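*Asks:* structure here, sequence nowhere to be found:
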């Protein structure tokens with residue numbers, strides 16, 4: 001029995017700061033919170049890719065493809081927030097699990113397109129930091145959380161691309177006999 005609630009929250013924080021007697025500095029920081037709670041059976045997933053991006057014009061995107069064999073094998077979903085705050089849901093994408101990050105290895109660079117609100121968008125992604133970790137009982141799930149530079153129809157931005165794989169290799173790290 002698995003039940004999970006999930007939400008995504010985008011936002012912007014603005015403020016000012018001053019170090020010692022230096023100039024007053026103003027800053028604006030964009031952020032994203034992705035939170036799930038409840039029971040998630042990671043073993044039910046086969047694989048997924050999700051792109052979260054923020055862009056210099058204020059746009060924000062989520063584009064994902066999920067293979068969850070017990071319910072859907074090729075779920076494509078997402079949205080774009082325009083700078084004015086309007087959100088359009090994704091109606092099509094060519095992001096494909098069989099050609100992007102296959103065999104447990106995220107690409108350093110890739111591109112894809114999606115349509116939302118009747119407009120087609122082109123995304124270019126350069127993954128530059130790719131931490132990898134394993135989770136779930138039996139270490140049967142591999143996650144690559146890539147920090148990425150992006151472009152959306154030529155507008156620069158950045159974000160995270162998460163590649164998730166079912167993993168059958170057991171723990172990649174030898175067990176520790178005693179934890180201090």
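*Replies:* Nice, I can see it. These numbers come from a predicted model, not from an experiment.

*Asks:* so how far is residue 15 from the spatially most distant residue from the centre of the chain?
*Replies:* Using CA atoms, centre = their mean, the residue of the chain lying farthest from its centre is residue 21. It sits 39.9 Å away. According to CB to CB, to the nearest Å, residue 21 and residue 15 sit 19 Å apart. Quick note: C-beta positions are derived from backbone N, CA and C, even for glycine.

*Asks:* now do the contacts for the residue farthest from the centre of the chain.
*Replies:* Listed by CB atoms under 8 Å, 6 or more residues apart in numbering, the contact set of residue 21 is empty.

*Asks:* how about the one 5 residues further on?
*Replies:* For residue 26, the residues meeting the contact criterion (CB under 8 Å, 6+ apart) are 14, 15, 16.

*Asks:* identify the bridge partners of the second one.
*Replies:* This points to residue 15. When assigned by DSSP bridges, residue 15 has beta-bridge partners residue 27.

*Asks:* can you tell me how far it is from residue 25?
*Replies:* Using CB to CB, residue 15 is found at 9 Å from residue 25.

*Asks:* again, but for the first one
*Replies:* Summarising the geometry, the distance separating residue 14 from residue 25, computed by CB to CB, is 12 Å.

*Asks:* over to the last one?
*Replies:* Distance check for residue 16 against residue 25: by CB to CB, it reads 7 Å.

*Asks:* same deal with residue 172?
*Replies:* From residue 172 over to residue 25 the distance is 43 Å, taken as CB to CB.

*Asks:* what about residue 75, which SS state?
*Replies:* Taking DSSP: H, G, I helix; E, B strand; the rest coil as the rule, one finds residue 75 in the strand state.

*Asks:* ok, residue 95 next?
*Replies:* Secondary structure, three-state DSSP: residue 95 is coil.

*Asks:* what's the neighbour count on the residue lying closest to it once chain neighbours are set aside?
*Replies:* Distances taken as CB to CB, 6 or more residues apart in numbering place residue 112 nearest to residue 95, at 4.2 Å, with adjacent residues excluded. Here the count is done by other CB atoms under 10 Å, and residue 112 has 19 residues near it.

*Asks:* now do the contacts for residue 112.
*Replies:* Applying CB under 8 Å, 6+ apart to residue 112 gives the contacts 51, 63, 93, 94, 95, 96, 100, 122, 123, 125.

*Asks:* of the residues you listed, just the buried ones, PyMOL syntax please.
*Replies:* Command for PyMOL, covering only those of these found buried under the criterion 16 or more other CB atoms under 10 Å:
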select buried, resi 51+63+93+95+100+123+125
